[in-house]
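*Asks:* okay, here's the prediction I keep looking at, along with the sequence it came from:
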Amino acid sequence: DGGITQSPKYLFRKEGQNVTLSCEQNLNHDAMYWYRQDPGQGLRLIYYSQIVNDFQKGDIAEGYSVSREKKESFPLTVTSAQKNPTAFYLCASSINRVGYEQYFGPGTRLTVT
Amino acid sequence: QKEVEQNSGPLSVPEGAIASLNCTYSDRGSQSFFWYRQYSGKSPELIMFIYSNGDKEDGRFTAQLNKASQYVSLLIRDSQPSDSATYLCAVKKVTGKLIFGQGTTLQVKP
């Protein structure tokens, strides 16, 4: 089955701790993205990557970091510098280039207390 | 002004009716337009995309694009209770980035 997997589904952390969210895809897509969604709001782009070993900041990159060492994997680290990290985090991927139709993973709901 | 605007709703329609969801965008150079459906607590699911002016039909769904008016809409015919969800409009800007609207909540009443 081709698709995008994110783990874990729910994650709880104490304030001040870094946490890494996993995203894996077996669709052979070149581009991968991270978004966050807050209640009643649309999706906001955190980081994106068009090819391995390259990534760009999105609109709200502060307090986050990513890596793209393999085509299939694009993990997101939420650092202690992120002021309001509690949110629904969504990973997506697309063929070819940025802007083609994106397909989403099931998401990780992060709660920081 | 938001780059992609949608009425948050809720839009309530009776079962079997046509639901009309609307979206406006500010970047005249935008080229691609997408509709996602998101059930409560779930991730968005792509249901339609449209690149050219006019209508594009897929089953009970029709996407309509009017670039001159910077307007894209989604029609759902024969609405079912299972269509109750939030519908997100997304617009690909000239830069290549995808910008999402806040979403319109649709309620289909049996």
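*Replies:* Received it, and whenever you're ready, just let me know what you need.
*Asks:* pull up the pairing partners for the worst-scoring helix or strand of chain B on mean pLDDT, direction included.
*Replies:* Least confident element among the helices and strands of chain B, by mean pLDDT, DSSP states H and E: strand B:98-100 (a mean of 92). Based on DSSP bridges, the strands next to strand B:98-100 in the sheet, each with its direction, are strand B:85-92 (antiparallel).
*Asks:* and the strand it pairs with, how far out from the chain middle?
*Replies:* Put simply, strand B:85-92 sits 5 Å off its chain's centre (C-alpha atoms, centre = their mean, to the nearest Å).
*Asks:* could you check which helix or strand contains B:Lys56?
*Replies:* Here B:Lys56, judged by DSSP states H and E, is contained in strand B:54-58.
*Asks:* which helices and strands does that strand pack with?
*Replies:* Packing partners of strand B:54-58 (3 or more C-beta pairs under 8 Å, 6 or more residues apart in numbering or on different chains; DSSP states H and E): strand B:45-50, strand B:61-66. All C-beta spots, glycine's among them, are computed from the backbone N, C-alpha and C.
*Asks:* do that again at 6 Å, thanks
*Replies:* strand B:61-66 (3 or more C-beta pairs under 6 Å, 6 or more residues apart in numbering or on different chains; DSSP states H and E).
*Asks:* relative to the whole chain's centre, how far out is the strand it packs on?
*Replies:* Averaging C-alpha positions (C-alpha atoms, centre = their mean) puts strand B:61-66 8 Å from its chain's average.
*Asks:* tell me which residues are up against the helix or strand following it.
*Replies:* Elements were assigned by DSSP H and E; along the chain past strand B:61-66, the next helix or strand is strand B:71-76. Under the contact criterion C-beta atoms under 6 Å, 6 or more residues apart in numbering or on different chains, strand B:71-76 has outside partners B:18-24, B:33, B:35, B:60-65, B:83.
*Asks:* strand B:71-76 pairs with which strands, parallel or anti?
*Replies:* The strands that strand B:71-76 pairs with in its sheet are strand B:19-25 (antiparallel), strand B:61-66 (antiparallel) (by DSSP bridges).
*Asks:* list the contacts of the helix or strand harbouring B:Trp35.
*Replies:* Assigned by DSSP H and E, B:Trp35 falls within strand B:32-38. Outside strand B:32-38, the residues within contact range by C-beta under 6 Å, 6+ apart are B:44-51, B:65, B:72, B:74, B:85-88, B:90-92.
*Asks:* ok, the residue nearest the centre of chain A - contacts?
*Replies:* In chain A, the C-alpha nearest the mean C-alpha coordinate belongs to A:Trp34, at 3.0 Å (C-alpha atoms, centre = their mean). Going by C-beta under 6 Å, 6+ apart, A:Trp34 touches A:Ile46, A:Tyr47, A:Leu76, A:Cys91.
*Asks:* kindly report the same for B:Leu46.
*Replies:* Going by C-beta under 6 Å, 6+ apart, B:Leu46 touches A:Glu101, B:Tyr36.
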